[in-house]
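In: Model the following, please.
(chains A and B)
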Amino acid sequence: MLRLLLLALLCCAPPALAQLQWEKPWQEFHRPPEDDYLETKFNFRNAGTSPVTIKSVKTSCGCTTAHLEKKTFSPGEKGEIVTRFTFGQRTGGHRKLITVTTADGARQELNLVVFIHPALTVSPALVFWKVGQPAEAQMVHLAAEPGTTVRVKSVTSSNPRLSATLKAIKAGEHYALSVKPADTTQRESAELTVETDYPSDAPRAFTIHARIK
Amino acid sequence: MIAQAARQLAALLAVALVPALVSGVIQLKRTGPAAPRDEVTASEVRAWGDKVQWVDARPRAKFNEAHIPGAVSLNEDEWDRLVPAFLDAWEPEKTIVVYCDGGGCDASHAVAKRLREELKLENVHVLKGGWKEWSPK
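Out: Sure, this is the predicted structure:
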């Protein structure tokens, strides 16, 4: 009887990760690209009755690091995993997984979700024509992030055979750029640089690509 | 006595089932979007022959070490600098296949998403299993 009960208890014993209670295993942030990186902590507590050893902490991207001060945590002890997500030239929504593995092989996934909002959205960032296609103008829309004023100061083309004309739909909020090739008789390429006044301390430029293929 | 032990065992298992179910429901709620459907296998891509433009979404150092023949480097750390070279190599009639290390890496999906959403390119896929699947074992 006693053996059966012990066996049952062993079968039902929670894995080490079940003993780790996480404060916020899923964290979401909204940031501008100018922040360059985001650092956040995943706090936990060993809520079990035996020590827990964390064997590894791995991230799903080279752009994200995770640091753990120590590996073994006594019952009731608190700990934290410090993560740092470096934006690079990323925009939009990103979900980074941090996988925590304990000595008994159990795994827990922590989620770091970051939405990187560029001050100006360029759509589309590529205009192209096929060789021989009519040399008609194509439109690119430049829209500022709601609540942000971004003025377009200038647009320059790296190739005079692909020119651009800027029109302010609503200055500081919405612009339309008309891109037109001189002709489409041969393959061409150009990068159009859009200079803005945002942010005021280090104004950013955006690139639109034009190709005749 | 065996019957009593079995009853106790059943009771213990029932008690253990409650937190397991709660944990399961939480995990299901947190799994996020379903697995992407834009993945293609190495054998599928091989069958496409030379109508493929490979895009290597790994960091520059790994690309320099080795890459799939014909691949161009395009990663999110150097996006602005690398996009022009990618577009010079790209041909509209080619199918784009993006890869990263494989396993748990997400760079290929992120690059594929930007190619579709920002550059409005069509026919963009991700290599299932990534570089590990393609390169010799």
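In: all helices for chain B, in order.
Out: Assigned by DSSP state H, the helices in chain B fall at B:2-30, B:42-47, B:60-65, B:79-89, B:107-117, B:130-134.
In: Check those for me: which has the lowest mean pLDDT.
Out: The minimum mean pLDDT among those belongs to helix B:2-30 (a mean of 55).
In: center of chain A, which residue is that?
Out: The centroid of chain A falls nearest to A:H94 when counting by CA atoms, centre = their mean (3.9 Å).
In: My guess is that one contacts A:H117. True?
Out: No. In this structure, A:H94 is not within contact of A:H117 by CB atoms under 8 Å, at 11.8 Å. (Each C-beta comes from the backbone N, C-alpha and C, glycine too.)
In: A:H30 in helix, strand or coil?
Out: When classified by DSSP: H, G, I helix; E, B strand; the rest coil, A:H30 comes out as strand.
In: show me what contacts it?
Out: By CB atoms under 8 Å, 6 or more residues apart in numbering or on different chains, the contact set of A:H30 is A:V114, A:F115, A:H117.
In: Wait, the last one touches A:E34, no?
Out: No. The criterion here is CB under 8 Å, and A:H117 misses it with A:E34 at 10.3 Å.
In: count of neighbours near A:T49?
Out: When neighbours are counted by other CB atoms under 10 Å in any protein chain shown, A:T49 registers 9.
In: Contacts only, for it.
Out: Neighbouring residues of A:T49 by CB under 8 Å, 6+ apart: A:Q19, A:P75.
In: Next, it: secondary structure please.
Out: When classified by three-state DSSP, A:T49 comes out as coil.
In: what's the spacing between it and A:C61?
Out: Per CB to CB, to the nearest Å, A:T49 is found 36 Å from A:C61.
In: which other helices and strands contact the helix or strand encompassing A:S178?
Out: Using DSSP states H and E, A:S178 sits within strand A:174-181. The helices and strands touching strand A:174-181, judged by 3 or more CB pairs under 8 Å, 6 or more residues apart in numbering or on different chains; DSSP states H and E, are strand A:138-144, strand A:162-170, strand A:188-196, strand A:205-212.
In: Which of these has the highest mean neighbour count?
Out: Most buried of the helices and strands packed on strand A:174-181, by mean neighbour count (mean count of other CB atoms under 10 Å in any protein chain shown): strand A:205-212, with a mean of 21.
In: partners of it, with directions?
Out: Applying DSSP bridges, strand A:205-212 is found paired with strand A:126-129 (parallel), strand A:188-196 (antiparallel).
In: Can I get these in CSV including mean pLDDT?
Out: Formatted as CSV, the strands paired with strand A:205-212 follow (pLDDT from 0 to 100):
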stretch, mean pLDDT
strand A:126-129, 98
strand A:188-196, 98
